[in-house]
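[1] coords below, sequence missing:
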(Lines give C-alpha, C1' and ligand atoms only; values in the text may rest on other atoms or scores of the structure.)
Protein backbone atom coordinates (compact mmCIF):
# COMPACT_ATOMS: atom_id res chain seq x y z
CA UNK A 1 0.00 0.00 0.00
CA UNK A 2 1.67 3.21 -1.16
CA UNK A 3 0.14 6.63 -0.51
CA UNK A 4 1.79 9.83 -1.72
CA UNK A 5 1.01 13.20 -0.17
CA UNK A 6 1.11 16.61 -1.84
CA UNK A 7 0.03 19.70 0.11
CA UNK A 8 0.67 23.41 0.61
CA UNK A 9 0.91 22.88 4.38
CA UNK A 10 4.65 23.46 4.76
CA UNK A 11 6.68 21.71 7.46
CA UNK A 12 6.20 23.97 10.48
CA UNK A 13 2.85 22.67 11.67
CA UNK A 14 1.55 19.21 12.46
CA UNK A 15 -1.09 19.01 9.71
CA UNK A 16 0.74 16.50 7.53
CA UNK A 17 1.63 14.32 10.50
CA UNK A 18 -1.98 14.27 11.65
CA UNK A 19 -3.13 13.10 8.21
CA UNK A 20 -0.56 10.31 8.28
CA UNK A 21 -1.75 9.31 11.74
CA UNK A 22 -5.34 9.07 10.53
CA UNK A 23 -4.29 6.94 7.56
CA UNK A 24 -1.98 4.70 9.62
CA UNK A 25 -4.87 3.87 11.96
CA UNK A 26 -6.99 2.75 9.00
CA UNK A 27 -4.28 1.15 6.86
CA UNK A 28 -1.50 -0.18 9.14
CA UNK A 29 1.66 -0.87 7.22
CA UNK A 30 0.97 1.68 4.48
CA UNK A 31 4.01 3.36 2.97
CA UNK A 32 3.83 7.16 2.82
CA UNK A 33 5.79 9.19 0.27
CA UNK A 34 5.95 12.96 0.79
CA UNK A 35 5.90 14.28 -2.75
CA UNK A 36 5.88 17.93 -1.68
CA UNK A 37 4.54 20.04 1.17
CA UNK A 38 6.10 23.23 -0.23
CA UNK A 39 3.50 24.05 -2.87
CA UNK A 40 2.92 27.82 -2.62
CA UNK A 41 -0.29 28.39 -0.62
CA UNK A 42 -3.44 27.91 -2.73
CA UNK A 43 -1.36 27.58 -5.93
CA UNK A 44 -3.35 25.02 -7.91
CA UNK A 45 -1.27 25.32 -11.09
CA UNK A 46 2.00 24.61 -9.30
CA UNK A 47 0.43 21.61 -7.59
CA UNK A 48 -0.95 20.41 -10.93
CA UNK A 49 2.53 20.67 -12.46
CA UNK A 50 4.23 18.77 -9.62
CA UNK A 51 1.70 15.93 -9.91
CA UNK A 52 2.09 15.80 -13.69
CA UNK A 53 5.86 15.43 -13.43
CA UNK A 54 5.91 12.93 -10.56
CA UNK A 55 3.04 10.48 -10.89
CA UNK A 56 4.33 8.57 -13.95
CA UNK A 57 7.20 7.27 -11.80
CA UNK A 58 4.94 5.60 -9.20
CA UNK A 59 3.41 2.12 -9.33
CA UNK A 60 -0.01 2.36 -11.01
CA UNK A 61 -1.77 0.93 -7.93
CA UNK A 62 -0.60 3.87 -5.79
CA UNK A 63 -3.00 6.29 -4.11
CA UNK A 64 -2.14 9.99 -4.45
CA UNK A 65 -3.56 12.29 -1.77
CA UNK A 66 -3.55 16.00 -2.68
CA UNK A 67 -4.63 18.80 -0.35
CA UNK A 68 -4.20 22.18 -2.02
CA UNK A 69 -7.66 23.42 -1.30
CA UNK A 70 -8.47 27.15 -1.26
CA UNK A 71 -12.19 26.26 -1.39
CA UNK A 72 -12.19 24.02 1.70
CA UNK A 73 -15.58 24.04 3.40
CA UNK A 74 -17.40 25.53 0.39
CA UNK A 75 -19.63 23.76 -2.12
CA UNK A 76 -16.65 22.29 -4.02
CA UNK A 77 -16.81 18.50 -3.98
CA UNK A 78 -14.29 16.12 -2.43
CA UNK A 79 -13.46 13.54 -5.10
CA UNK A 80 -11.46 10.46 -5.98
CA UNK A 81 -10.51 9.43 -9.51
CA UNK A 82 -9.11 6.31 -11.11
CA UNK A 83 -6.41 6.81 -13.77
CA UNK A 84 -3.60 4.84 -15.38
CA UNK A 85 -1.24 6.78 -13.09
CA UNK A 86 -2.96 5.71 -9.88
CA UNK A 87 -5.97 6.71 -7.82
CA UNK A 88 -6.22 10.41 -7.03
CA UNK A 89 -7.87 11.83 -3.91
CA UNK A 90 -8.48 15.52 -3.29
CA UNK A 91 -10.69 18.54 -3.94
CA UNK A 92 -12.62 19.06 -7.16
CA UNK A 93 -10.89 22.34 -7.99
CA UNK A 94 -8.83 21.48 -11.07
CA UNK A 95 -5.67 20.37 -9.29
CA UNK A 96 -5.66 17.08 -11.26
CA UNK A 97 -6.11 18.74 -14.66
CA UNK A 98 -2.59 18.25 -16.05
CA UNK A 99 -2.53 14.60 -14.98
CA UNK A 100 -5.90 14.03 -16.63
CA UNK A 101 -4.62 15.48 -19.91
CA UNK A 102 -2.02 12.69 -20.03
CA UNK A 103 -3.88 9.95 -18.12
CA UNK A 104 -7.63 10.59 -18.47
CA UNK A 105 -9.79 9.44 -15.55
CA UNK A 106 -11.87 6.32 -16.14
CA UNK A 107 -14.07 7.07 -13.12
CA UNK A 108 -14.52 10.07 -10.81
CA UNK A 109 -16.70 9.86 -7.69
CA UNK A 110 -17.75 12.22 -4.94
CA UNK A 111 -16.50 11.29 -1.49
CA UNK A 112 -19.77 11.41 0.42
CA UNK A 113 -20.20 7.97 2.03
CA UNK A 114 -20.02 8.65 5.80
CA UNK A 115 -18.55 5.20 6.34
CA UNK A 116 -15.26 6.36 4.82
CA UNK A 117 -14.76 9.68 6.60
CA UNK A 118 -14.36 10.77 10.20
CA UNK A 119 -17.53 11.07 12.24
CA UNK A 120 -16.97 14.77 12.83
CA UNK A 121 -15.89 16.80 9.81
CA UNK A 122 -14.25 20.18 10.38
CA UNK A 123 -15.05 22.76 7.70
CA UNK A 124 -11.39 23.86 7.58
CA UNK A 125 -9.53 20.52 7.62
CA UNK A 126 -10.94 18.16 5.03
CA UNK A 127 -7.43 16.80 4.59
CA UNK A 128 -7.73 15.12 7.97
CA UNK A 129 -11.44 14.34 8.08
CA UNK A 130 -12.38 13.40 4.47
CA UNK A 131 -9.38 12.97 2.19
CA UNK A 132 -7.06 11.00 4.50
CA UNK A 133 -9.67 8.40 5.49
CA UNK A 134 -10.68 7.99 1.85
CA UNK A 135 -7.07 7.53 0.72
CA UNK A 136 -6.42 4.93 3.41
CA UNK A 137 -9.56 2.94 2.63
CA UNK A 138 -8.72 3.03 -1.09
CA UNK A 139 -5.22 1.78 -0.33
CA UNK A 140 -6.78 -1.12 1.59
CA UNK A 141 -8.79 -2.07 -1.49
CA UNK A 142 -12.24 -0.56 -0.92
CA UNK A 143 -13.82 -0.18 -4.42
CA UNK A 144 -13.99 3.36 -5.74
CA UNK A 145 -17.71 2.91 -6.42
CA UNK A 146 -18.41 2.56 -2.68
CA UNK A 147 -17.41 6.13 -1.86
CA UNK A 148 -20.21 7.98 -3.63
CA UNK A 149 -21.92 8.80 -6.92
CA UNK A 150 -20.09 9.54 -10.17
CA UNK A 151 -19.01 13.10 -10.92
CA UNK A 152 -19.87 13.74 -14.56
CA UNK A 153 -17.94 16.97 -15.13
CA UNK A 154 -15.09 17.50 -12.68
CA UNK A 155 -13.46 20.93 -12.63
CA UNK A 156 -10.55 21.39 -15.03
CA UNK A 157 -8.02 24.20 -15.21
CA UNK A 158 -7.03 25.54 -18.63
CA UNK A 159 -4.01 23.68 -19.95
CA UNK A 160 -0.72 25.61 -20.11
CA UNK A 161 -0.24 27.76 -23.20
CA UNK A 162 1.51 25.89 -25.98
CA UNK A 163 1.12 27.16 -29.55
CA UNK A 164 3.05 25.87 -32.53
CA UNK A 165 3.56 27.98 -35.65
CA UNK A 166 5.69 27.47 -38.72
CA UNK A 167 8.60 29.49 -37.39
CA UNK A 168 8.00 29.69 -33.65
CA UNK A 169 6.88 27.90 -30.49
CA UNK A 170 4.96 29.94 -27.92
CA UNK A 171 4.49 29.04 -24.28
CA UNK A 172 4.57 30.47 -20.77
CA UNK A 173 6.48 30.23 -17.50
CA UNK A 174 4.75 27.41 -15.67
CA UNK A 175 6.65 26.72 -12.46
CA UNK A 176 9.62 27.88 -10.38
CA UNK A 177 11.60 25.10 -8.73
CA UNK A 178 13.68 25.15 -5.54
CA UNK A 179 16.76 26.41 -7.41
CA UNK A 180 14.85 29.27 -9.03
CA UNK A 181 14.79 27.66 -12.46
CA UNK A 182 11.73 28.79 -14.41
CA UNK A 183 10.15 25.83 -16.12
CA UNK A 184 8.04 26.60 -19.18
CA UNK A 185 5.25 24.85 -21.06
CA UNK A 186 7.37 24.47 -24.23
CA UNK A 187 8.24 20.81 -24.77
CA UNK A 188 8.74 17.98 -24.63
CA UNK A 189 12.15 18.40 -26.22
CA UNK A 190 14.80 15.72 -26.75
CA UNK A 191 18.30 16.22 -28.15
CA UNK A 192 19.29 14.25 -31.23
CA UNK A 193 22.84 14.24 -32.58
CA UNK A 194 26.18 15.12 -31.06
CA UNK A 195 26.80 18.54 -29.49
CA UNK A 196 28.05 21.19 -31.92
CA UNK A 197 27.62 18.85 -34.90
CA UNK A 198 24.29 19.83 -36.27
CA UNK A 199 22.35 18.65 -33.21
CA UNK A 200 18.58 18.92 -33.43
CA UNK A 201 15.79 18.94 -30.90
CA UNK A 202 12.78 16.71 -31.38
CA UNK A 203 9.62 18.45 -30.18
CA UNK A 204 6.44 16.66 -29.10
CA UNK A 205 3.61 18.48 -27.36
CA UNK A 206 3.66 18.18 -23.58
CA UNK A 207 0.11 19.51 -23.28
CA UNK A 208 -2.76 19.13 -25.71
CA UNK A 209 -2.02 18.17 -29.32
CA UNK A 210 0.51 19.56 -31.81
CA UNK A 211 2.59 18.16 -34.68
CA UNK A 212 5.98 16.62 -33.95
CA UNK A 213 8.86 18.79 -35.17
CA UNK A 214 12.62 18.64 -35.60
CA UNK A 215 14.20 21.93 -34.54
CA UNK A 216 17.71 22.98 -35.64
CA UNK A 217 19.13 24.08 -32.30
CA UNK A 218 21.83 26.28 -33.84
CA UNK A 219 19.16 28.28 -35.66
CA UNK A 220 16.78 28.84 -32.76
CA UNK A 221 16.59 31.77 -30.38
CA UNK A 222 14.71 31.86 -27.08
CA UNK A 223 12.87 35.01 -25.99
CA UNK A 224 11.30 35.49 -22.58
CA UNK A 225 9.24 38.61 -21.97
CA UNK A 226 10.95 40.12 -25.04
CA UNK A 227 14.50 39.36 -23.86
CA UNK A 228 16.76 37.16 -25.98
CA UNK A 229 18.58 34.31 -24.23
CA UNK A 230 20.22 33.00 -27.39
CA UNK A 231 19.95 29.36 -28.51
CA UNK A 232 18.91 26.45 -26.34
CA UNK A 233 21.74 24.90 -24.32
CA UNK A 234 22.39 21.39 -23.02
CA UNK A 235 23.88 22.27 -19.61
CA UNK A 236 24.07 25.13 -17.13
CA UNK A 237 27.84 25.16 -17.54
CA UNK A 238 27.72 26.30 -21.16
CA UNK A 239 27.51 29.93 -20.04
CA UNK A 240 29.45 31.97 -17.50
CA UNK A 241 28.28 32.11 -13.86
CA UNK A 242 25.57 34.73 -13.46
CA UNK A 243 24.51 34.55 -17.13
CA UNK A 244 20.93 33.71 -18.07
CA UNK A 245 20.27 30.83 -20.41
CA UNK A 246 17.59 28.52 -21.79
CA UNK A 247 18.03 24.75 -21.69
CA UNK A 248 16.09 21.51 -21.78
CA UNK A 249 15.28 20.30 -18.27
CA UNK A 250 14.83 16.83 -16.84
CA UNK A 251 11.18 16.61 -17.91
CA UNK A 252 11.98 17.68 -21.47
CA UNK A 253 10.55 21.15 -20.95
CA UNK A 254 12.34 24.36 -21.82
CA UNK A 255 13.76 26.01 -18.70
CA UNK A 256 14.99 29.53 -18.04
CA UNK A 257 17.92 29.58 -15.63
CA UNK A 258 20.88 31.58 -14.39
CA UNK A 259 24.15 29.67 -14.16
CA UNK A 260 25.06 29.46 -10.46
CA UNK A 261 22.12 31.76 -9.73
CA UNK A 262 18.38 32.06 -9.21
CA UNK A 263 16.35 33.05 -12.26
CA UNK A 264 13.07 33.38 -10.35
CA UNK A 265 14.60 35.90 -7.94
CA UNK A 266 16.65 37.86 -10.48
CA UNK A 267 14.75 38.01 -13.76
CA UNK A 268 11.47 39.39 -12.41
CA UNK A 269 9.37 36.98 -14.46
CA UNK A 270 6.03 35.96 -12.98
CA UNK A 271 4.33 32.67 -13.64
CA UNK A 272 2.52 33.07 -16.93
CA UNK A 273 5.22 35.26 -18.50
CA UNK A 274 5.39 34.62 -22.27
CA UNK A 275 8.18 32.52 -23.74
CA UNK A 276 8.96 32.08 -27.45
CA UNK A 277 11.38 29.87 -29.35
CA UNK A 278 12.00 31.62 -32.66
CA UNK A 279 13.14 29.41 -35.54
CA UNK A 280 15.20 30.85 -38.39
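    Yep, that arrived. The model shown is predicted, which means the values in this text are computed figures rather than measured ones.
[2] what about the helices in this protein?
    Per DSSP state H, the chain carries helices over the ranges 15-26, 44-54, 97-102, 126, 132-139, 263-266.
[3] which strands and helices sit next to the fifth one?
    Applying 3 or more Cβ pairs under 8 Å, 6 or more residues apart in numbering; DSSP states H and E, we find helix 132-139 packed against strand 2-7, helix 15-26, strand 63-67, strand 78-83, strand 86-91. From N, CA and C alone the C-beta is placed, and that goes for glycine too.
[4] same list, the ones you listed, but as TSV with mean pLDDT please.
    As requested, these are arranged in TSV below (pLDDT from 0 to 100):
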stretch	mean pLDDT
strand 2-7	98
helix 15-26	98
strand 63-67	98
strand 78-83	98
strand 86-91	98
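[5] residue 165: which of the ones you listed is closest?
    Across these, residue 165 has its closest neighbour in strand 78-83 (31.8 Å, Cβ to Cβ).
[6] that closest one pairs with which strands, parallel or anti?
    Strand 78-83 has the following strand partners under DSSP bridges: strand 86-91 (antiparallel), strand 107-110 (antiparallel).
[7] now do the contacts for the residue sitting nearest the centre point of the chain.
    Geometric centre of the chain, nearest residue: residue 49, 1.8 Å, by Cα atoms, centre = their mean. Applying Cβ atoms under 8 Å, 6 or more residues apart in numbering, one finds that residue 49 lies in contact with 98, 174-175, 183.
[8] so of those, which ones are in strands?
    Among the contacts of residue 49, DSSP state E puts 174-175, 183 in strands.
[9] so which of those residues wins on neighbours?
    residue 174 (29 neighbours; other Cβ atoms under 10 Å).
[10] wait, what's in contact with that residue?
    Taking Cβ under 8 Å, 6+ apart, one finds 45, 49, 160, 183-185, 253, 271 in contact with residue 174.
[11] go again using 10 Å as the cut-off
    Applying Cβ atoms under 10 Å, 6 or more residues apart in numbering to residue 174 gives the contacts 45-46, 48-49, 52, 98, 160-162, 182-187, 206-207, 253-255, 271-273, 275.
[12] let's have the helices of the chain in JSON lines, adding distance to residue 65.
    Listed next are those as JSON lines, based on distance: least, Cβ to Cβ, whole Å:
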{"stretch": "helix 15-26", "distance to residue 65": "7"}
{"stretch": "helix 44-54", "distance to residue 65": "11"}
{"stretch": "helix 97-102", "distance to residue 65": "13"}
{"stretch": "helix 126", "distance to residue 65": "11"}
{"stretch": "helix 132-139", "distance to residue 65": "4"}
{"stretch": "helix 263-266", "distance to residue 65": "27"}
